[in-house]
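Engineer: Kindly return the folded structure for what I paste below:
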Amino acid sequence: MSDIIRRDPRAEWIARNRLHPLHASVQPQQHTWLGPQGVVRKNPHGVGFIGPNGVKRIDRSGAQQGGSSKRSAAAAVQLPLHQVPAPAFYIAVVPDMVGGRLSSHDLDLLGLARQLAGAEGAVLAIIFGEHKESAFSTAGVDRLLLLQGDGFSGYAPEQRIQGLHAVDQQFAPRHWLLPDSRTGGGELGRRWAASLGERPATRVWQVKDDHCTGRAGAGQQDIARPLPRLILAQAECAAPVDETRHEALPVELSTSIVRSLTRIEDLGAVAVDPAAVPMIEAEFVVSGGNGVQDWALFHRAAAALGATEGASRVAVDDGHMARDRQVGASGTWITARVYVAVGISGAIQHLQGIGACDKVIAINMDPGCDMIKRADLSVIGDSSQILQALIDAIQAYRTGAHRDAA
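Structural biologist: Predicted structure coming up:
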C-alpha cells in the first residue's frame, strides 16, 4: 500500500460543522483542560485505546484518539479490582454527601485520598445518616463506615464530632480529609481540628511530595506547608478515581456512641426563594434559551420545580431575563448538581459555563444540537408541551402525596 497520507474532505467538513450529527466522532479527545479553580485537569483516557481483548493500549501517534465506539468499548470493560486485605494505615474521608450522594467535590477528595493511601493504605469513608449512593466502589472507597441514627441526621455537628473521635480511636487514620465547602464540610472540618487541637491545612488544591498548597489572600496567593494530619481540600484537588474498582467493605465501630445532650437544636429546613439564590451557589438550575416560546410557562415550571432560573445569552439579549441570570463563559460559571436547558442549542461559551455541572438535562426540538450531545438525559419535543406536562405531573404527585399522608 502507498504511504501517502490522503485528506478526507468530508471528515474535515464534519469537523468544522458543530451541528453535524457526526461532529463528536471526528474530534480528538481533549487531553488537558483548565478547571474553574485554575487547576489543569488531565484526561486519563486521552492517550490510548481499548484493544480487542479489553486491554488498554498506548498510542502516541494519536491515530486512535476520539470516537464514540472507543468510549463505548471502554465503558464495557470491567475495571480491575483493587483490594487491601490488611491495610497498613487508613486515610479517613468525610464527604459532604449533599442530597445523599457523592458530589464532584467528594469525588475529587476521594481521588486525593487514593493518592495518599498508595498500595498499602486503605481509604476509609465515614458517612453520616441515610444516603442514596451506590457507587462507592468506583469512587475509590476501600472501607465504608456508616454512622446512622437520629443523632447524626440533620444539623448535628457536636454528635458528629463525637462519632469522629470514636473513629479516630479505633482506626487511627494517618490523614483526615474533609471538603472545604460551604455545604457542611468546611465547618465540620474546623470543628474537628479544634477538637483535636491540631492546625489544619485549609483550601488545599494541591498535594505533592509530602507538602500541600492552599489558597490564601482572597484566592490571590498560595501557601505551601508540610502535609498535616488534617486536610480541608478544595474542589479539583485531585483527579477522581476512574480506572479501578474497590471493595468498599463495610466496617463497624467496636464501641457504641452515646448520644450526648447537644447545645444545638435542628429546627429543620427553611424554605428559600430560588430566585434569591445566587447562580454560582444554586444546586438546581433551569435555563431558557431561544427555543422558549412561552416565558410565563417557563417561570411557572421553574417555580413548580423549586429551581433557580437561568438563561442563555440570546434570551438575555432579547430581554426575557436579567443579565445576572446569564449562564456561560461570558456570564456565570455554575456548578449545579442538576441543570435543565430548555430550548438552548449549546454554544461553546454556554457549554463552558456548565462544564462543572453533575447532571445536564436538555429539552430541545433539534436532536443534533450540541446541548443534546452534552446532556445526560435528552427530551426531544416542543418545550411548551413538555413544560406543561411536567407541571401537571408535579401537581399530580404532590396531590397524591398529600392524600397518602392523610
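
Engineer: Now the residue most central in space within the chain. Nearest residue, chain neighbours left out?
Structural biologist: Central residue of the chain (CA atoms, centre = their mean): S104, 2.2 Å from the mean position. Nearest residue to S104, sequence neighbours excluded (CB to CB, 6 or more residues apart in numbering): D358, at 5.9 Å. C-beta coordinates here come from the backbone N, C-alpha and C atoms, glycine included.

Engineer: Report the contact partners of that neighbour.
Structural biologist: Counting by CB atoms under 8 Å, 6 or more residues apart in numbering, D358 touches S103, S104, A336, R337, V338.

Engineer: just the helices in the chain please.
Structural biologist: Secondary structure of the chain (DSSP state H): helices located at 9-16, 68-76, 104-117, 136-139, 157-171, 185-196, 295-305, 313-317, 348-353, 370-374, 383-405.

Engineer: what's the most buried one of those helices?
Structural biologist: Of the helices of the chain, the one with the most neighbours on average (mean count of other CB atoms under 10 Å) is helix 104-117, at a mean of 24.

Engineer: Quick one: mean pLDDT for it?
Structural biologist: Averaged across helix 104-117, pLDDT comes to 93.

Engineer: picking up where we left off before, among the contacts of D358, who's most crowded?
Structural biologist: Counting neighbours by other CB atoms under 10 Å, A336 comes out on top of these with 25 neighbours.

Engineer: how close does that residue sit to L305?
Structural biologist: Distance from A336 to L305, counting by CB to CB, to the nearest Å: 12 Å.

Engineer: and for these two, which residues touch both?
Structural biologist: Common neighbours of A336 and L305, counting by CB under 8 Å, 6+ apart, are F284.

Engineer: Keep only those of the contacts of D358 that are in strands.
Structural biologist: Secondary structure assignment by DSSP state E places V338 of the contacts of D358 in strands.

Engineer: a markdown table for the contacts of D358, including distance to L110?
Structural biologist: Formatted as a markdown table, the contacts of D358 follow (distance: CB to CB, whole Å):
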| residue | distance to L110 |
| --- | --- |
| S103 | 11 |
| S104 | 11 |
| A336 | 21 |
| R337 | 17 |
| V338 | 21 |
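
Engineer: wait, which of the contacts of D358 is closest to L164?
Structural biologist: Of all the contacts of D358, S103 has the smallest distance to L164: 20.0 Å, by CB to CB.

Engineer: mind listing what that closest one touches?
Structural biologist: Neighbour list for S103: P95, D96, M97, T183, R337, D358 [criterion: CB under 8 Å, 6+ apart].

Engineer: Can I get those residues in a markdown table including pLDDT and distance to I264?
Structural biologist: Conversion of the contacts of S103 to a markdown table gives the following (pLDDT from 0 to 100; distance: CB to CB, whole Å):
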| residue | pLDDT | distance to I264 |
| --- | --- | --- |
| P95 | 94 | 22 |
| D96 | 91 | 19 |
| M97 | 89 | 20 |
| T183 | 82 | 17 |
| R337 | 85 | 26 |
| D358 | 83 | 30 |
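
Engineer: Would you mind listing where this structure has pLDDT under the threshold?
Structural biologist: Across the chain, the ranges flagged by pLDDT under 70 are 1-7, 16-77, 258-261, 401-406.

Engineer: got the domain boundaries for it?
Structural biologist: What the record gives for the chain is the domain set 9-76, 81-251, 274-405, from automatic domain parsing.

Engineer: Quick one: neighbours of the closest residue to E120 other than its chain neighbours, just the number.
Structural biologist: Once flanking residues are discounted, E120 sits nearest to A88: 4.1 Å by CB to CB, 6+ apart. A88 has 12 neighbours, counted by other CB under 10 Å.

Engineer: just D96 next, same as before
Structural biologist: Neighbourhood size, D96 [other CB under 10 Å]: 20.

Engineer: my read: Q162 touches I257, true?
Structural biologist: Yes: using CB atoms under 8 Å, Q162 is in contact with I257, at 6.0 Å.

Engineer: For the closest residue to I372 other than its chain neighbours, which residues count as its bridge partners?
Structural biologist: Spatial nearest neighbour of I372, excluding adjacent residues (CB to CB, 6+ apart): S378 at 4.8 Å. Applying DSSP bridges to S378 gives these bridge partners: A362.
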